[in-house]
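Peer 1: predicted model, plus sequence, below.
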Amino acid sequence: MRKKKIIVTGGTGYIGSHAAVELINNGYNVVIADDLSNSLAGALDGIEEITGIRPQFEKIDLCNKKDTASFFCNNSKAEAVVHFAALKSVAESVEKPLSYYRNNINSLINVVEQMELKGIPNLVFSGSCTVYGQPETLPVTEDSPVKKALSPYGSTKRICEEIMQDTFNSDKKQQGIVLRYFNPIGNHPTALIGELPRGKPNNLVPLITRAATDKTDELKVYGNDYDTPDGTCIRDYLSVVDLAKAHVAAVDRLIKGENESDCEFFNIGTGKGVSVMEIINAFERATNVKVNYSIGKRRPGDIEKIWADASLANKKLKWKATEEIEKTLVSAWRWTQHCTEKGIL
Ligand code: UD1
């Protein structure tokens, strides 16, 4: 039987490359589109080494309508698109809001338009828990109100959700699933693919592994005076491999027509809140390596605490985060060591 073709945009990036692996491992034929603006083509070697299959790849900027059209012409028989390609730095989005609006929104519009023209019915979108802001009640469910975003990056995620909701309806035979990710961490256990942020990372775990590698690099804990048990912020950290598997579940659901509406939303998290200090302690315990850190000031715009109610995804997608946090932190550490040895980071 011919394998079902899935287009993965941003498939050489951090989450995209992990999703490509899981889709291939589940029998899909993956085609990657990426402009390599924040990733390396070397991710394709890693995907091939892990799965034994090298996905077809095209270097393409999905903001370019003509190039997007020609890419979709070549791949018009795809069953679904998993759309990761986007700019993702919160801080950069504050400095360059128009780049974020232009890039993240135009690329989604171009992709959805081409899907409609080619009759590709299914889209899985890479959403974010950032759309909830600081929720009134925790854990946060999919019914919690969506709030005004704290950054242009967050706004683009909310607007993209709205574009999907407004566009997808049965008449057009298009449907989608938005996966609202909580905080993905770690890397593939083989250390063959992983996170390669351009410049200095912004996210906690890459900063922890940096501060553990180079003792002159200090991690600042952004505030320990929050209303939480140890005073540091709380997030729902999930393994990127678990997160990648949620995309397979979403693609399966759409292809099998099991979705209950034309645009569904799922929280993708562990359901457990973990503080910044707990993460640092877990990292030190799991790797036996000390993290060079000190307590600093609060970061403007940070949310005090958020964690997911992921029961809808557990039930409807039949997906659950299973990786232990220590194991995930070890995978992050192994990837940093691998990159340091290879001189990539
Ligand atoms: C941030 C974004 C979120 C986005 C996500 C992408 C904000 C408010 N939110 O989430 O919209 O989807 O990145 O991955 O920016 N921390 C430190 N020291 C550091 C870095 C982080 O203490 O040097 C703390 C933060 O205060 C936070 C936690 O670590 O409590 C996680 O931070 P981070 O990895 O940046 O993710 P979020 O802020 O949750």
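Peer 2: Thanks, I have the structure now.
Peer 1: so who does residue 45 touch?
Peer 2: residue 192 (CB atoms under 8 Å, 6 or more residues apart in numbering). In this view, the C-beta of every residue, glycine as well, is placed from N, C-alpha and C.
Peer 1: can you give me the helices in this protein?
Peer 2: For the chain, helices defined by DSSP state H occupy the ranges 14-25, 43-51, 65-74, 90-95, 97-100, 106-118, 152-167, 204-213, 240-255, 276-287, 311-312, 325-342.
Peer 1: turn those helices into CSV, columns for distance to the ligand.
Peer 2: Listed next are those as CSV, based on distance: least, CB to the nearest ligand atom, whole Å:
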stretch, distance to the ligand
helix 14-25, 9
helix 43-51, 18
helix 65-74, 25
helix 90-95, 4
helix 97-100, 12
helix 106-118, 16
helix 152-167, 5
helix 204-213, 4
helix 240-255, 11
helix 276-287, 5
helix 311-312, 20
helix 325-342, 12
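Peer 1: out of these, deepest packed?
Peer 2: Comparing these by mean neighbour count (mean count of other CB atoms under 10 Å), helix 14-25 ranks first with a mean of 26.
Peer 1: could you say what helices and strands that helix packs with?
Peer 2: With contacts taken as 3 or more CB pairs under 8 Å, 6 or more residues apart in numbering; DSSP states H and E, helix 14-25 sits against strand 5-9, strand 29-34, helix 43-51, strand 80-83, helix 240-255.
Peer 1: if we go to 10 Å?
Peer 2: Secondary-structure packing of helix 14-25 (3 or more CB pairs under 10 Å, 6 or more residues apart in numbering; DSSP states H and E): strand 5-9, strand 29-34, helix 43-51, strand 80-83, strand 122-128, strand 183-185, helix 240-255.
Peer 1: before we move on, back to that, can you redo the helices of the chain as CSV, where the extra columns are mean pLDDT?
Peer 2: Output for those, formatted as CSV (pLDDT from 0 to 100):
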stretch, mean pLDDT
helix 14-25, 98
helix 43-51, 98
helix 65-74, 98
helix 90-95, 92
helix 97-100, 97
helix 106-118, 97
helix 152-167, 96
helix 204-213, 95
helix 240-255, 98
helix 276-287, 98
helix 311-312, 98
helix 325-342, 94
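Peer 1: redo those helices as TSV? Include distance to residue 80.
Peer 2: Shown next, in TSV, are the helices of the chain (distance: least, CB to CB, whole Å):
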stretch	distance to residue 80
helix 14-25	9
helix 43-51	18
helix 65-74	13
helix 90-95	28
helix 97-100	25
helix 106-118	9
helix 152-167	14
helix 204-213	29
helix 240-255	5
helix 276-287	34
helix 311-312	20
helix 325-342	27
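Peer 1: and residue 125, how close does it get to the ligand?
Peer 2: 14 Å (CB to the nearest ligand atom, to the nearest Å).
Peer 1: that residue: neighbour count?
Peer 2: 25 (other CB atoms under 10 Å).
Peer 1: any idea how far residue 44 is from it?
Peer 2: To residue 44, residue 125 is 23 Å away according to CB to CB, to the nearest Å.
Peer 1: got the contact list for residue 238?
Peer 2: 181-186, 246, 268-272, 308, 310, 321-323, 325, 328 (CB atoms under 10 Å, 6 or more residues apart in numbering).
Peer 1: among those, which ones are buried?
Peer 2: 181-186, 246, 268-272, 308, 310, 321, 323, 325, 328 (16 or more other CB atoms under 10 Å).
Peer 1: and stretch 212-220, end to end?
Peer 2: 13 Å (CA to CA, to the nearest Å).
Peer 1: sorry, back to before: could I get the helices and strands packed on helix 14-25 in CSV, plus columns for distance to residue 197?
Peer 2: CSV is the format used below for these (distance: least, CB to CB, whole Å):
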stretch, distance to residue 197
strand 5-9, 19
strand 29-34, 15
helix 43-51, 13
strand 80-83, 20
strand 122-128, 16
strand 183-185, 13
helix 240-255, 13
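Peer 1: out of those, which gets nearest to residue 302?
Peer 2: The minimum distance between residue 302 and those falls on strand 183-185, with 12.4 Å, by CB to CB.
Peer 1: paired strands for the closest one, with orientation please.
Peer 2: As defined by DSSP bridges, the strand partners of strand 183-185 come to strand 237-239 (parallel).
Peer 1: roughly how far is the strand it pairs with from the heart of the chain?
Peer 2: Here the centre of strand 237-239 is set off from its chain's centre by 11 Å, with CA atoms, centre = their mean, to the nearest Å.
Peer 1: touching the ligand at all, that strand?
Peer 2: No - using CB under 6 Å from any ligand atom, strand 237-239 stays clear of the ligand, coming no nearer than 8.2 Å.
Peer 1: any idea of the mean pLDDT in that strand?
Peer 2: For strand 237-239, mean pLDDT rounds to 98.
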